[in-house]
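how would this look folded up:
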Amino acid sequence: MLPQAILLVVFWRNLNARLLATDGHNVMLSAGITGALFLVLYTIFLGSDGDLYRMLRRYGVFVFFLGTLIAQIAATRRLAKHGLTASVRAQWFLLILMGCLALAEVPLGSFGVQDNRAENLIEWNFSLLMQLWFVTWLFVRRAPSR
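Below you'll find the model as predicted:
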């Protein structure tokens with residue numbers, strides 16, 4: 001997972017350079033790199049025992065998913081400003097599905113329902129959709145420049 005974290009940093013930096021932020025702040029780049037750094041944190045503490053390490057793994061994976069999702073939303077919004085293509089529509093569709101899965105996870109955590117099978121099903125599908133979002137970039141013909 002450490003190589004993936006490095007590739008994510010490279011991906012977000014290159015994508016940012018290609019899409020050129022027109023606003024004063026850059027949510028996509030910040031959230032994407034933050035997510036990648038927390039993937040490193042998660043990876044470092046995999047296999048460690050103890051409550052502190054368990055907490056660090058939970059925060060690491062949570063911020064990784066949250067940061068990456070925010071970066072994906074920001075990137076898709078930026079690309080959509082230049083016109084909707086089939087790739088952008090696919091990205092929006094995947095993001096909507098991820099949002100639905102995230103909402104489906106809320107009752108499990110909020111009401112103390114301990115259903116590991118349902119939780120794993122939601123989380124693995126969310127992760128699959130998140131990775132498919134990256135695959136859609138193979139079909140973006142040319143990122144617009146400004």
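
Helices along this protein, start to end?
Using DSSP state H, the helices of the chain run over residues 2-19, 27-44, 51-80, 86-110, 116-136.

what's the spacing between the closest residue to T76 other than its chain neighbours and V135?
Nearest non-adjacent residue to T76, counting by C-beta to C-beta, 6 or more residues apart in numbering: Q91, 4.4 Å away. Glycine gets a C-beta too; all of them are placed from N, C-alpha and C. Noted for Q91: a distance of 10 Å to V135, by C-beta to C-beta, to the nearest Å.

Between the two, which has more neighbouring residues?
Neighbours were counted for Q91 and for V135 using other C-beta atoms under 10 Å; Q91 has more, 26 against 10.

Can you check the pLDDT for the more buried one?
What the model reports for Q91 is a pLDDT of 95.

Name the residues of stretch 60-72 that come out as buried.
60-61, 63-65, 67-72 (16 or more other C-beta atoms under 10 Å).

neighbouring contacts of it?
8, 12, 27-29, 31-36, 38-43, 45, 91, 95, 98, 102, 126-127, 130, 133 (C-beta atoms under 8 Å, 6 or more residues apart in numbering).

tell me the centre residue of the chain?
T68 (2.4 Å; C-alpha atoms, centre = their mean).

returning to that earlier point: I'd like the buried residues of stretch 60-72 as a markdown table, with pLDDT appended.
Shown next, in a markdown table, are these (pLDDT from 0 to 100):
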| residue | pLDDT |
| --- | --- |
| G60 | 88 |
| V61 | 88 |
| V63 | 94 |
| F64 | 95 |
| F65 | 93 |
| G67 | 96 |
| T68 | 96 |
| L69 | 96 |
| I70 | 95 |
| A71 | 96 |
| Q72 | 96 |
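
What distance do you get for the residue nearest to the centre of the chain to L7?
T68 is 12 Å from L7, by C-beta to C-beta.

V140 now?
Taking C-beta to C-beta, one finds V140 at 17 Å from L7.

okay, the two: which has more neighbours?
Neighbour totals were compared for V140 and L7, and V140 leads with 17 against 12 (other C-beta under 10 Å).
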